[in-house]
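[1] Have a look at this fold, sequence not included:
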């Protein structure tokens, strides 16, 4: 961990000094936003950045850990395919989170035969963990235009306008579609949708279900998929895409963890919906992400020749739990700050407008810790207080009513949230960039579609709360729809993994090591590559070494 | 060949005529009961001296159970439940006793009533054994018309009454406290102990629960005396035991033999030996919730203590014989699935544990398992025992554990190698 | 000495390991260097992947918990439970013609639900402390909103399903109850008005 300062007040001492108070003034920050980001945001750690040497994005800046994988060798050789069973389908969806399920449901509804292959179980994803809610401009004093403006501004004007425009206009219909799948939202006494405000936005626009929005969404989508004709393959990580003689993508190579075998899936369209990269633990950060969030889709698409963007831009959610140790990295929803919870340093002072954009808040927390105003635990984790008791003082009863999941977290941490604050520190939360797509989720490779966190361009270089859940459904539907259109097309009969040879040529020419194999599939500490159970899935090295 | 030993008492051919009380009373019937009425206080000491053990599987001394109930205040109704739920695979002795010798069972129960002060006698019978239910109904009706019932009522100071209750047919309903729940009209969930049935049993009243076979022995012991009973057994054991012999033997069936008869004797003499002269591989003792016996155990005297010394249990006396060529994993899968289906649901570790074990077994048996599955199975046998309210889970795990111990190679053979 | 330095002995999947007392069961296994891939998910207690059997040193009892949420303790024995969902129920919301027919359809889809023998196993098994059995009872009576409200925190770990002797899938009953409630009864006017305005083209985006 290179970014964790451990100077500051001890946890015990700071807790002794802490007193819940309802009001606290916000002092001047004493640093402008740009300087703050440059100096303290982890994206700006110079030694973490590098330039890509191979592939279509050659010359682009990229996080070093991600670059190592984008420029890694494949997990398979031709020889591994020799004994693999072959399965035919119209649409292959890779990924079983919200985006993958949505894409699969729509594609199937359009009459396509669909296989959904997921690395873990269906629904094991970041979606299930999303707490805050989903953006959709539905209130009278709000409009899609405001939603558009907020998204563009928070993304530092780096978003693709057409994608954002489509996203915000689709918002209300996404909510309708979710209700039609049987998803509940919190409603007021008249049955209208309740909303709350996200940091860095101009209107109350977050629709939510308690602080379980993602869980509610995911269990409904999973149930819908389970009850459809979609063929779900769980514990089936994809290790490579299949190319064809027309420069398109016509399937994938999947490894079955249950049978310890490779399966070749020939498909007329492939949708990558593999999510983000939190479990790569960039810069040694803890993460709020799911165990499977290892950026596999980026690697697969890049090798196939699909263009990526913003590979040096990641979101660190300001409020990850820093204590107790066994729950470190767990996310505390932004909804808590939306309702007016303050952040306090070891002196009990506020130091940032808690509803600023996430990158600003995160950088401010890091600044407090770096400059000695943080609180340090016995495990050498540093953080600042999230003053939940103060919120409860101002709005008695709000915790129980609106934040059941947070209360659960308090119980598990053995911290009484009505009396004691939580120690928080930014946690690696979201990959802002990703595969370049158009409004139909098409990539630069025919037959290859991407949707969800794996894509880039919608959020620019910073995402606002609630836009991720909106994106996975909105673009998931587009991807499913567009991919299903290809079912009537004739698939190329010449499939290959020839693109891997191209990759190896480039790696060799650039003098890059081929020791690392990608995609990562599992975090290093899960020791997948040492697990003798999966020895059958180790690369057949006969032909290369 | 010691055919003289066979069916001396309970299954004596002259006594298997069904519900005909007159015939029963003409021969030996009624003698024990009359002696009990004359010398009521002698019953318990005689049973004590005979050391009659619980033949439903526990092997618990009958007189101890009786004393608990006898010592409860007598100003209230007390219950005697005669347990004929018999539902475990490979056990089929109680149904023969109930259907073919109902009077033997009822007379034993009446003597028990006198000894323990229990005036409400419930015969709790598996509903699928229609013959048993019919015979018992008819037989109890016949007894009710005799003077014996009024005599006993007078001695007890409360009316002696018979009830025939069909159990729910769930395996778990054979467990003592589950039987009580079932007779009370509820689902047969085993209760936690204490309180013990002897104090707070059926409808909250003192309750004695004995297996049908145990009951059937009582009239003979009282009639012939404890020494007679003691001499019936081989060596240190007393009395006889009905063995339900099944599986790969030439002549499967119920055999009443002296307690302590060697296993080899049961299989090779009475059972006619192995079918097609195959080699013996294993014996599941019943109903199959115990450690498996193997050919090296052929010399074991079949009595509670000796079998226990081989780390198994005599159980209900069911002996399911398996020959070479029969897959152990398949059998264990069948039995563990039986337990999984029978688990009542109250203890999640039992229901989910047996479900999970049967899933893993099925996977391994069908050739789809791997080393990790087998390791998981082994771990289940370590973590689960003792976590259930009754013995179902322990029994299933004991069977699984012993099959893993004796036949590990059969589990390893079908594993998929990666 | 700080708490984080305290080590405890635990047995996980039959392996004895010595780990700091501040770790969860999954963290402990990783800490000790053992691979663990299947049965790991969100690591926040909401995905229901990491079901474990747990026996603590002072008791015979075995409980079912989430491995990522369970702290190691001295003498604890842990086993991961990895099994696919055993449910056989299939339905689509579209098969229910209208809200009057929900109850009829429910009993067709979940015929076992009314066989509940009230063993409480599902409620005991639930790692989230949901009154599962009560939920099934309410659904059987057609009180779907009330039933569904009990399942707010359900993570679909399926432990109630494997624990049910009548093969009821209580979590699916709960989810069905929740879904029909939204599908038939959520009609927010603020949403409907906004949809209408977008449909008529009244709301357009002026791009940057």
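    Received the coordinates, thanks. Bear in mind the structure is a predicted one, so any value in this text is a computation, not a measurement.
[2] Map the structural domains onto the sequence of the chain.
    Picked chain A for this. Recorded structural domains for chain A (assignment: automatic domain parsing) are A:9-30+A:320-428, A:78-313+A:432-488.
[3] my bad, the chain I had in mind was chain B
    According to automatic domain parsing, the ranges for chain B are B:7-230, B:234-320, B:328-412.
[4] would you turn those domains into JSON lines with mean pLDDT?
    Listed next are the domains of chain B as JSON lines, based on pLDDT from 0 to 100:
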{"stretch": "domain B:7-230", "mean pLDDT": "96"}
{"stretch": "domain B:234-320", "mean pLDDT": "94"}
{"stretch": "domain B:328-412", "mean pLDDT": "94"}
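[5] Dump these to CSV, plus distance to chain A and mean neighbour count.
    To be clear about C-beta, it is placed using only N, CA and C from the backbone, and glycine gets the same treatment. What follows is the domains of chain B, written out as CSV (distance: least, Cβ to the nearest Cβ, whole Å; neighbours: other Cβ atoms under 10 Å in any protein chain shown):
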stretch, distance to chain A, mean neighbour count
domain B:7-230, 28, 20
domain B:234-320, 29, 21
domain B:328-412, 6, 21
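[6] Now the weakest link among the domains of chain A, please, by mean pLDDT.
    Of all the domains of chain A, the minimum mean pLDDT falls on domain A:9-30+A:320-428 (a mean of 92).
[7] just checking, what packs against the helix or strand where residue B:243 lies?
    Taking DSSP states H and E as the criterion, residue B:243 maps to strand B:240-247. Counting contacts by 3 or more Cβ pairs under 8 Å, 6 or more residues apart in numbering or on different chains; DSSP states H and E, strand B:240-247 packs against strand B:253-258, strand B:318-323.
[8] Listing partners with orientation, what would you give for the first one?
    Yep, that's strand B:253-258 we're talking about. Paired neighbours of strand B:253-258 in the sheet (DSSP bridges): strand B:240-247 (antiparallel).
[9] could you give the angle of the partner strand to strand B:318-323?
    For strand B:240-247 against strand B:318-323, the angle by axes from the mean of the first three to the mean of the last three Cα atoms, to 10 degrees is 30 degrees.
[10] related to what we said a few turns ago, quick one: closest of the helices and strands packed on strand B:240-247 to residue A:392.
    Closest approach to residue A:392 among the helices and strands packed on strand B:240-247 (Cβ to Cβ): strand B:318-323, 63.9 Å.
[11] how big is the angle separating the next helix or strand after that closest one from strand B:318-323?
    On the C-terminal side of strand B:318-323, the nearest following helix or strand under DSSP H and E is helix B:328-342. Interaxial angle, helix B:328-342 versus strand B:318-323 (the same axes, to 10 degrees): 150 degrees.
[12] residues from chain C in reach of chain B?
    Taking Cβ under 8 Å from any Cβ of the partner chain as the measure of proximity, chain C contacts chain B at C:13-14, C:53, C:55, C:60-64, C:77, C:79-83, C:86, C:117-122, C:124-125, C:159, C:162-166.
[13] Kindly apply the preceding question to chain A instead.
    Counting by Cβ under 8 Å from any Cβ, chain A sits next to chain B at A:259, A:260, A:533, A:534, A:535, A:536, A:537.
[14] three-state assignment of the spatially closest residue to the third one that is not a sequence neighbour?
    Think residue A:533. Computed as Cβ to Cβ, 6 or more residues apart in numbering or on different chains, the closest residue to residue A:533 that is not its neighbour in sequence is residue B:372, at 5.5 Å. With DSSP: H, G, I helix; E, B strand; the rest coil as the basis, residue B:372 sits in helix.
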